[in-house]
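> here's a sequence, model it:
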Amino acid sequence: MTNELHALIGRNGVGKSCLAAILADRLQPSEGVVQRFCKIGYLAQGETEIVGTAGDVLGVSEIQRVSSRILNGEGTPEDFSFMDDKWNWEAETDALLAEGELSLDILERPFKSLSGGEQTRLKLLALKRQGCKFLILDEPSNHLDQGWSRVVISMAKEF
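As a prediction, this is how the structure comes out:
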């Protein structure tokens with residue numbers, strides 16, 4: 001299934017989301033075993049319990065805080081050690097966000113304050129940043145207009 005887009009289609013309530021959660025290791029099967037051979041990213045439908053900022057979701061808030069301490073002359077030896085391979089975080093993050101038509105100023109915003117489209121695109125970018133090689137998207141275009149649905153599908157194809 002490499003570099004291909006597949007869809008699982010069925011009526012409501014037949015278990016599509018359960019199957020997706022099992023494949024993504026978010027839910028255990030009642031019997032049998034699921035073997036996974038790569039890092040799987042899972043974008044669940046209706047995930048609303050996310051707390052924190054967009055930067056937290058993307059996984060760059062701590063890098064941003066440590067970098068700021070260093071730039072303000074308040075960095076510790078541990079901070080410098082932490083930043084060892086992260087000095088280009090801002091340029092890399094800016095480029096990543098641009099793929100989802102987002103910008104760095106979104107990082108400070110509470111995740112819940114983002115539109116549905118911004119939330120979906122940010123979660124998809126977070127999966128890319130985590131190095132996921134296989135994506136399971138459970139109704140990724142819910143609450144998106146046709147234009148943003150195309151952007152999300154295009155982003156998924158980029159993986």
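> which stretches of the protein form strands?
40-43, 134-137 (DSSP state E).
> out of the ones you listed, nearest to residue 96?
For residue 96, the closest of the strands of the chain is strand 40-43, at 14.1 Å, according to CB to CB. Where C-beta positions appear, they are placed from N, C-alpha and C, glycine not excepted.
> distance from the closest one to the middle of the chain?
Chain-centre distance of strand 40-43: 8 Å, with CA atoms, centre = their mean, to the nearest Å.
> direction included, what does it pair up with?
Partners of strand 40-43 in the sheet, by DSSP bridges, are strand 134-137 (parallel).
> now do residue 47, the pLDDT please.
pLDDT, residue 47: 67.
> and residue 137, by the same measure?
For residue 137, pLDDT reads 82.
> got the contact list for stretch 26-39?
18, 21-23, 25, 42, 44, 130-134 (CB atoms under 8 Å, 6 or more residues apart in numbering).
> now do the same contact list for residue 111.
50-54, 56-57, 119, 122.
> I'd like to know which of these are buried.
53-54, 56-57, 119, 122 (16 or more other CB atoms under 10 Å).
> of the residues you listed, which belong to helices?
Taking DSSP state H as the definition of helices, the buried ones among the contacts of residue 111 contribute 54, 56-57, 119, 122.
> if we can go back for a sec, let me have the contacts of residue 111 in CSV, extended by pLDDT.
Below are those laid out as CSV (pLDDT from 0 to 100):
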residue, pLDDT
50, 82
51, 86
52, 93
53, 96
54, 96
56, 96
57, 94
119, 89
122, 92
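> ok, these vs residue 110, which is closest?
Looking across these and measuring by CB to CB, the closest to residue 110 is residue 53, at 5.9 Å.
> tell me how many other residues crowd the closest residue to residue 80 other than its chain neighbours.
In space, and not counting its chain neighbours, residue 80 is closest to residue 70: 6.8 Å by CB to CB, 6 or more residues apart in numbering. Neighbours of residue 70 under the rule other CB atoms under 10 Å: 16.
> distance of residue 70 relative to residue 81?
11 Å (CB to CB, to the nearest Å).
> distance of residue 101 relative to residue 14?
34 Å.
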